[in-house]
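Asks: Kindly return the folded structure for what I paste below:
(one chain, ligands or ions: 4)
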Amino acid sequence: DGSMVELEAKVAAQLSDYRFQHVLRVRDYACQLAKQYGVDMQKAEVAALVHDYAKERSDAEFLAVIQSRHLDPDLVNWGNYIWHGVVGAEMIQAELGIDDPEILAAVRQHTTGAGADMSLLSQVIFMADYLEIGRTFPGVETARAVTAQSLAAGVKYQIVHTVLHLVEKETPIYPKSITTYNYWLPRA
Ligand code: DGI
Ligand code: FE
Ligand code: FE
Ligand code: FE
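Replies: Ligands and ions are numbered 1, 2, ... in the order given. Okay, the predicted model is just below:
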């Protein structure tokens with residue numbers, strides 16, 4: 001429908017071609033998972049289209065929004081990889097007029113996941129971002145097979161492997177990632 005085409009154009013205008021192509025592949029994978037797991041396809045499509053909307057904004061823009069919207073002050077200690085989802089959701093709401101709390105939560109949660117407050121829509125977007133057909137990391141085929149069997153098992157697979165990878169590289173782990181790990185570990 002027309003508004004979806006307009007949304008797609010607004011996202012394309014914000015992103016380099018290679019990242020926009022990633023977004024389109026996330027949309028495809030998200031629609032497939034949404035269909036399988038009974039999630040609203042339209043919401044999945046919108047959330048996938050906007051999930052990396054803010055990824056190419058400057059650090060200064062993110063820091064200004066953290067201040068003006070009174071977001072968690074600890075956010076200033078992190079970087080683009082955390083800001084583009086958590087702070088990006090504010091930009092998506094303000095600039096694209098997307099007010100659906102479930103879609104905004106899926107964007108906020110798409111990098112780290114979340115614990116008990118992760119909706120099926122959020123799980124679908126989290127997994128589609130990880131599994132889209134352009135992803136080539138070792139284990140991606142296993143991750144796709146696990147997710148096709150159980151969405152929760154996919155979430156667990158992703159967070160376990162992401163935390164392992166971050167520890168391996170001695171990279172700081174955002175507390176929400178630990179929350180996600182602890183919540184999903186016994187649940188799949
Ligand atoms: O935006 P994308 O590249 O499509 O994917 P993403 O938003 O899922 O991930 C962005 C980056 O964030 C990716 O390189 C993995 C990294 N990341 C995920 N969780 C954490 C993290 N980085 C740190 N330092 N800590 C985390 O907990
Ligand atoms: Fe992202
Ligand atoms: Fe991701
Ligand atoms: Fe992404």
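Asks: got the contact list for the closest residue to residue 4 other than its chain neighbours?
Replies: Spatial nearest neighbour of residue 4, chain neighbours left out: residue 45 (6.7 Å); criterion: Cβ to Cβ, 6 or more residues apart in numbering. In this view, the C-beta of every residue, glycine as well, is placed from N, C-alpha and C. Contacts for residue 45 (Cβ atoms under 8 Å, 6 or more residues apart in numbering) come out as 4, 27, 30, 31, 34.
Asks: how near is residue 28 to ligand 4?
Replies: 13 Å (Cβ to the ion, to the nearest Å).
Asks: Name the helix or strand for that residue, please.
Replies: According to DSSP states H and E, residue 28 maps onto helix 17-37.
Asks: Identify the residues contacting that helix?
Replies: In contact with helix 17-37 (Cβ under 8 Å, 6+ apart) are residues 11-12, 15, 39-41, 43-45, 47-49, 51-52, 55-56, 120-121, 123-125, 127-129, 131-134, 147-148, 151.
Asks: quick one: it to chain centroid distance?
Replies: Using Cα atoms, centre = their mean, to the nearest Å, the distance from the centre of helix 17-37 to the centre of the chain it belongs to is 11 Å.
Asks: same deal with stretch 14-28?
Replies: Chain-centre distance of stretch 14-28: 13 Å, with Cα atoms, centre = their mean.
Asks: what does stretch 60-68 give?
Replies: Relative to its chain's centre, stretch 60-68 lies at 20 Å (Cα atoms, centre = their mean).
Asks: in it, what's buried?
Replies: Using 16 or more other Cβ atoms under 10 Å as the test for burial, stretch 60-68 gives 62, 65, 66.
Asks: Contacts only, for the last one.
Replies: Remark: with contacts taken as Cβ under 8 Å, 6+ apart, residue 66 is in contact with 72, 73, 75, 76, 83, 87.
Asks: Nearest to ligand 4 among these?
Replies: Nearest to ligand 4 among the contacts of residue 66 is residue 83, at 13.6 Å by Cβ to the ion.
Asks: how about the residue nearest the centre of the chain, what does it touch?
Replies: Per Cα atoms, centre = their mean, the C-alpha nearest to the average position across the chain is that of residue 110, at 2.0 Å. By Cβ under 8 Å, 6+ apart, residue 110 lies in contact with 51, 85, 122, 125, 126, 129.
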